[in-house]
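S.K.: this is the structure alone, sequence omitted:
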DNA sequence: TCGAAGAGTATTGTATACAATTAAATTGCT
DNA sequence: AGCAATTTAATTGTATACAATACTCTTCGA
């Protein structure tokens, strides 16, 4: 069976990433349970702690998420008191996401909670670096392939 | 700010995995579009092509998914003609997932479609292997940490 | 300045995930 | 045999993701 084995090999890489992603998700979920934050909510807060206020669009570029995901997520963060959503006065299309004082105040607490968990992975900085480099390579490759497909589709249309 | 930098480093590894997982998902989604399969549906079919029939529980162990995810997924696969769901007669609690003849017939077609896409990643077998090894290490570490937390909780109760 | 094109956000619909609960069937123990 | 504990699926509720669409506001060209 010549076709089977290579399919399975690739499959396992993708599945490993898929599976690791779910495990990380679960890990952060429980680490952040005291704050009631999910992992996607947490990474949104991370970006905002660095650069708030940001528009939904700007936040989406950093997180690679669109308004279909972010709008409900941000509404939940707002309801829980982490952020405020304010329609910009200079451009009524935009919604600016600001941090609340509570969020500012809890920043270091969240950081230190995650800092405690991080060392549990038991990886050196070098190991983490090289792994990230490989993941970026894979992502870039997938982007390239997707682009090629898009172009191919455009050509098909003509 | 001593605490900030290590948090971000770890963050990026997790985010890289999270992001790569989404990109793979998207990649497979478009690669499998001719068959109308999503990535989770596809990996379920992969396991079934190897070992059908399986119970929902057995399938869940292989995919690390529970019935809350699998039941609706399998109902969709059934509606689309890939599988049949049959209550076991020897143990009425179990539901056996069988492949349809259509699914059997399309197996090689799907395999070859994925086989074509796989080489596009441009990675050697060794590179894929080492990456998977690292991912497994991370997953195991996360499992260990989760277990420690569970045990800690148990101890708390006493 | 008016209207078309574009930009930014929200909404709708579909498909995962997963915790928690429910319901039914089986097992094990007395 | 009879009943409690366990097992297995399904269901419910919440939270992502993302394509496709709708809606509003802004910009830009004639």
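M.R.: Thanks, I have the structure now. The structure displayed is predicted, hence computed values, not measured ones. Numbering: from 1, shown residues only, chains lettered A, B, ... in the order given.
S.K.: low-confidence ranges in chain A?
M.R.: Within chain A, the stretches with pLDDT under 70 are A:1-7, A:9-10, A:118, A:146-158.
S.K.: and the residue of chain A that's closest to DNA strand C?
M.R.: Closest residue of chain A to DNA strand C, CB to the nearest atom of the strand: residue A:57 (2.8 Å). In this view, the C-beta of every residue, glycine as well, is placed from N, C-alpha and C.
S.K.: was I right to think that residue contacts residue A:94?
M.R.: Yes - the criterion here is CB atoms under 8 Å, and residue A:57 meets it with residue A:94 at 7.4 Å.
S.K.: need the overlap of contacts for these two.
M.R.: With contacts taken as CB atoms under 8 Å, 6 or more residues apart in numbering or on different chains, residue A:57 and residue A:94 have no neighbour in common.
S.K.: thinking again about what came up before, and the residue of chain A closest to DNA strand C, how far from chain B?
M.R.: Computed as CB to the nearest CB, to the nearest Å, the residue A:57 to chain B distance reads 18 Å.
S.K.: and the helices in chain A?
M.R.: A:4-31, A:39-51, A:56-63, A:67-79, A:101-118, A:125-157 (DSSP state H).
S.K.: any idea which of the ones you listed gets closest to residue B:73?
M.R.: helix A:4-31 (14.3 Å; CB to CB).
S.K.: go through the closest one and flag the buried ones.
M.R.: A:7, A:10-25, A:27-28, A:31 (16 or more other CB atoms under 10 Å in any protein chain shown).
S.K.: likewise stretch A:101-116?
M.R.: In stretch A:101-116, counting by 16+ other CB under 10 Å, buried: A:103, A:106-107, A:110-111, A:113-115.
S.K.: looking at it, residue A:34 is touching residue A:113, isn't it?
M.R.: Yes - contact criterion CB under 8 Å: residue A:34 and residue A:113 qualify, at 7.2 Å.
S.K.: residue nearest the centroid of chain A?
M.R.: Centroid-nearest residue in chain A, with CA atoms, centre = their mean: residue A:63, separated by 4.7 Å.
S.K.: residues contacting residue A:132?
M.R.: So residue A:132 contacts B:12-13, B:16 (CB under 8 Å, 6+ apart).
S.K.: for residue A:137, give me its contacts.
M.R.: By CB under 8 Å, 6+ apart, the neighbours of residue A:137 are residue B:123.
S.K.: do you know how far it is from residue B:123?
M.R.: Residue A:137 is 8 Å from residue B:123, where distance means CB to CB, to the nearest Å.
S.K.: what's the answer for residue A:52, then?
M.R.: For residue A:52, the distance to residue B:123 - CB to CB - is 38 Å.
S.K.: near DNA strand D, which residues of chain A?
M.R.: For chain A, the contact set with DNA strand D under CB under 7 Å from any atom of the strand comprises A:25, A:38-41, A:64-69, A:72-73, A:76, A:90-93.
S.K.: which residues touch residue A:141?
M.R.: Residue A:141 sits next to B:120-123 when contact means CB under 8 Å, 6+ apart.
S.K.: equivalent analysis for residue A:127, please.
M.R.: Counted by CB under 8 Å, 6+ apart, residue A:127 has contacts residue B:134.
S.K.: any idea how far it lies from residue A:24?
M.R.: On the measure of CB to CB, residue A:127 and residue A:24 end up 16 Å apart.
S.K.: residue A:81 is in contact with residue A:100, isn't it?
M.R.: Yes - with contact defined as CB under 8 Å, residue A:81 counts as touching residue A:100 (5.8 Å).
S.K.: who's more crowded, these two?
M.R.: Applying other CB atoms under 10 Å in any protein chain shown to residue A:81 and residue A:100 shows that residue A:100 carries more neighbours, namely 16 against 13.
S.K.: quick check: phi and psi at the more buried one.
M.R.: For residue A:100, the backbone dihedrals are phi -80, psi 170 (criterion: degrees, to the nearest 10).
S.K.: just the contacts of residue A:132 now: which is nearest residue A:145?
M.R.: Looking across the contacts of residue A:132 and measuring by CB to CB, the closest to residue A:145 is residue B:16, at 18.1 Å.
S.K.: name the residue of chain A that lies nearest to DNA strand D.
M.R.: residue A:68 (2.8 Å).
S.K.: contacting residues for that residue?
M.R.: So residue A:68 contacts nothing (CB under 8 Å, 6+ apart).
S.K.: and residue A:71, by the same measure?
M.R.: residue A:56.
S.K.: I'd say residue A:123 and residue B:140 touch.
M.R.: No - at 11.9 Å, residue A:123 does not count as touching residue B:140 under the criterion of CB under 8 Å.
S.K.: which of the two has more neighbours?
M.R.: residue A:123 (19 against 11).
S.K.: quick one, phi/psi of the more buried one?
M.R.: phi -110, psi 150.
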